[in-house]
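Student: The following comprises the amino acid sequence and a computationally predicted model.
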Amino acid sequence: MALVIGGIFINIWPRKAVTATTGFRYVVMRWGHVLTWDLLAVSFSRGVRGLSPSFNGVANLIAQVG
């Protein structure tokens, strides 16, 4: 579900709010939300948590960064 939300923000994003900004603020507003949802998707995926219980700490860190 988090990947779907991230995909929505890649294709359908807040154009009016973002087009009024430039520079670093533009990058954060345009790609920050997508990055957050993608990091949460990676954290919750079986690829990270399902390999071994020792990777749960890494998955938690990825979620916190997101």
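Tutor: The structure has been received and is ready for your questions. Numbers count the residues shown, from 1 in each chain.

Student: With adjacent residues omitted, what lies nearest to residue 59?
Tutor: residue 48 (4.3 Å; CB to CB, 6 or more residues apart in numbering). For glycine as for every other residue, the C-beta is placed from the backbone atoms N, C-alpha and C.

Student: Just the element for that neighbour, please.
Tutor: helix 46-49 (DSSP states H and E).

Student: Check which residues of whatever helix or strand comes next after that helix are buried.
Tutor: Sequence order places helix 56-65 as the next helix or strand after helix 46-49, per DSSP H and E. In terms of neighbour count (16 or more other CB atoms under 10 Å), helix 56-65 has its buried residues at 59, 62.

Student: by contact count, what packs against the helix or strand containing residue 31?
Tutor: Here residue 31 sits within helix 23-44, counting by DSSP H and E. Applying 3 or more CB pairs under 8 Å, 6 or more residues apart in numbering; DSSP states H and E, one finds that helix 23-44 contacts helix 2-11, helix 15-19, helix 56-65.

Student: Can you tell me which of those helices has the worst average pLDDT?
Tutor: Among the helices and strands packed on helix 23-44, helix 15-19 carries the lowest mean pLDDT, at a mean of 66.

Student: nearest residue to residue 42 other than its sequence neighbours?
Tutor: residue 62 is the one closest to residue 42 (CB to CB, 6+ apart), at 5.6 Å.

Student: Please tell me how far that neighbour sits from residue 22.
Tutor: Noted for residue 62: a distance of 30 Å to residue 22, by CB to CB, to the nearest Å.

Student: What of residue 43?
Tutor: 31 Å.

Student: more crowded one of these two?
Tutor: residue 43 (20 against 9; other CB atoms under 10 Å).

Student: if I read this right, that one contacts residue 59, doesn't it?
Tutor: Yes. Using CB atoms under 8 Å, residue 43 is in contact with residue 59, at 4.8 Å.

Student: residues shared between the contacts of the two?
Tutor: residue 49 (CB atoms under 8 Å, 6 or more residues apart in numbering).

Student: Contact partners for the nearest residue to residue 58 once chain neighbours are set aside?
Tutor: Closest residue to residue 58 apart from its sequence neighbours, by CB to CB, 6+ apart: residue 48 at 6.4 Å. For residue 48, the contact set (CB under 8 Å, 6+ apart) comprises 42, 55, 58, 59, 62.
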